[in-house]
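K.L.:
Below: sequence and its predicted model.
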Amino acid sequence: MPKLDPMDRRILRELQRDGAIRNDALAEKVGLSPSPTLRRVRALEEAGYVRSYVALLNPDRLGLGVRVLVELRLTVQDRTTLDRFEKQVTAIPEVIECMTVLGDWDYVLTVVARDIEDYQRILLDRIAKLPGVANYKSTLVVREVKRSTELPV
C-alpha cells in the first residue's frame, strides 16, 4: 500500500466528514485543483483506504433509541462453533456490531432496539439461542458522550 502524504491525509479527513462532498468542493477545501484531487481520491479508493461511502442514520429518529452492549461467552472455542455463531449473529439486524475480544468474554455486541421490552425479546429469542452461547451480560447505554466514525488520519 502506498504511504500517505499530508495531502492524502487532508483528503481522507474531509471525506470522513462528508462522504458525499463534490470533487470541486473537496478540491477547494484541500487546496488542490479538481483533476489531481479526483486522481488522489481514486488512488486512495483503489488502495483500500476508503472502504465505502455511507449515510449515517439517526437511530432515535428511526425509533431505535435503546442501545445495549452485550458481552458473551461461548461454551467452546472450536472453529465450528465460532463459525456457526458468527454466521448467525451477523443475520440479526438489530446487532449492529459484533467484535471478538480478549479478556473475560469472547464477544461484545452492540444491539439497538425500540425499547427495553424489544431488547429483551431480541436477547431471549435470538441472541441467547445462538450456537454455543454459554452466558452473557447486558449493559444499557444511558447517554452517548462521544460517537464518531472519523479515524485520526
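P.N.:
Nice, I can see it.
K.L.:
Any idea which residue is closest to the centre of the protein?
P.N.:
Closest residue to the average C-alpha location of the chain: residue 97 at 5.9 Å, with CA atoms, centre = their mean.
K.L.:
Now stretch 133-145: buried residues?
P.N.:
The neighbour-count check on stretch 133-145 (16 or more other CB atoms under 10 Å) flags 133, 136 as buried. Placement of C-beta: from N, CA and C, glycine included.
K.L.:
got it, and stretch 125-133?
P.N.:
126, 127, 130, 131, 132, 133.
K.L.:
Also stretch 101-108?
P.N.:
105, 106, 107, 108.
K.L.:
Give me the subset of the buried residues of stretch 125-133 lying in strands.
P.N.:
residue 133 (DSSP state E).
K.L.:
Can you convert the buried residues of stretch 125-133 into a markdown table and add a column each for distance to residue 117 and pLDDT?
P.N.:
Formatted as a markdown table, the buried residues of stretch 125-133 follow (distance: CB to CB, whole Å; pLDDT from 0 to 100):
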| residue | distance to residue 117 | pLDDT |
| --- | --- | --- |
| 126 | 14 | 98 |
| 127 | 15 | 99 |
| 130 | 20 | 98 |
| 131 | 25 | 95 |
| 132 | 26 | 96 |
| 133 | 21 | 98 |
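K.L.:
can you tell me which two in the buried residues of stretch 125-133 are farthest apart?
P.N.:
126 and 132 (14.2 Å; CB to CB).
K.L.:
and stretch 60-70, how far out from the chain's middle?
P.N.:
Distance of stretch 60-70 from its chain centroid, counting by CA atoms, centre = their mean, to the nearest Å, is 14 Å.
K.L.:
Oh, that last question was meant for stretch 47-62, not what I typed.
P.N.:
That offset, for stretch 47-62, works out to 8 Å (CA atoms, centre = their mean).
K.L.:
Kind regards, and thank you for your time.
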